[in-house]
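> Make a model of this:
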Amino acid sequence: MAETNPIVQGLATIHKIISRGLNISIRKCDEYLSKKGIPQGETTGFYMYLSTLKKVTHAHHLSEDDVAFPYFMNLIEAPYDRLKDDHQKIASILETLDKHISEIPSSGVGKLREVLLEIEKLWVPHIIIEEENLTAEKLNKVIGIKEQADLTEKLSRHGRENSGPGPLTLPFMIYNLEGNDREAFTKPFPWILKKVLIPIIWKGQWKPMSPFFL
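Predicted structure coming up:
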């Protein structure tokens, strides 16, 4: 189970964040298409939400390619070549997404939706393969508790370095989670981050995205 291994728990958590981000983005595109456009008050927030989704997804895959997969390769059998190939394909589509995001709203919501569906088509089977192969049972047999903690910290640090500004990325990750998942994700955060920076000091920066959050 994911809760018995911090690496697997982290993997499941980021997968939930990105999966909801994709789902909400596609649903909002459907809504905007029915309304014949993006309401003026949501244009900035939708731009920020899509941009942050793109950065978080790319950062997650970089962390796997640079840190996790090289560490796992000699310990656990898994289709790493297939997973890395998926990362490259998704990265290419993310660049296309980025182009259309930068042209909101002139690019057209329909085209944005098409690109998001391309990503989702790859993303869903990709995370199933990862979660079926990189299980807590397998990792616990070959990686000790200290090594698990060290690797979790390396992955977290690598992700922070590549996922964009914290005042946008952290709220995106927190508020695309609910209930126990959000509580577990934020538990290690310093109190000043949880109680002051994110909800108060940084809120002016991420507030346009709030209509898309849980």
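
> So what does the residue of the chain most remote from its centre have for phi and psi?
For the chain, the C-alpha lying farthest from the average C-alpha position belongs to K36; by CA atoms, centre = their mean, that distance is 28.6 Å. Backbone dihedrals for K36, given as degrees, to the nearest 10, come out at phi 60, psi 30.

> Then L134?
With angles defined as degrees, to the nearest 10, L134 sits at phi -100, psi 80.

> need the contact list for it.
Applying CB atoms under 8 Å, 6 or more residues apart in numbering to L134 gives the contacts I7, V8, L11, F72, I76, A78. Every residue, glycine included, has its C-beta placed from N, CA and C.

> if I look at it, how far off is F213?
Counting by CB to CB, to the nearest Å, the gap between L134 and F213 amounts to 28 Å.

> Ok, K55 next?
Applying CB to CB, one obtains 16 Å for the distance of K55 from F213.

> neighbour count winner among the two?
It is K55, of K55 and F213, that has more neighbours when counted by other CB atoms under 10 Å, with 19 against 16.

> That one and P165 touch, don't they?
No: with contacts defined as CB atoms under 8 Å, K55 does not count as touching P165, sitting 9.0 Å away.

> Mind giving me the packing neighbours of the longest helix along the chain?
Of all the segments of type helix in the chain, defined by DSSP state H, the longest one is helix 6-34. For helix 6-34, the elements it packs on are helix 43-63, helix 109-133, helix 136-142, helix 145-162, helix 166-174, helix 179-186, judged by 3 or more CB pairs under 8 Å, 6 or more residues apart in numbering; DSSP states H and E.

> Mind doing that once more with 6 Å?
Helices and strands touching helix 6-34, as assessed by 3 or more CB pairs under 6 Å, 6 or more residues apart in numbering; DSSP states H and E, comprise helix 43-63, helix 109-133, helix 145-162.

> which helices and strands does the first one pack with?
In terms of contact count using 3+ CB pairs under 6 Å, 6+ apart, helix 43-63 is assigned the packing partners helix 6-34, helix 80-102, helix 145-162.

> how about the second one: buried residues?
Counting neighbours by 16 or more other CB atoms under 10 Å, one finds that the buried residues in helix 80-102 are Y80, L83, D86, H87, I90, I93, L94, L97, D98, H100, I101.

> Excluding covalently adjacent residues, which one is nearest to the first one?
Going back to what we said before, that points to Y80. Nearest in space to Y80, with sequence neighbours left out and distances taken as CB to CB, 6 or more residues apart in numbering, is F69 at 5.3 Å.
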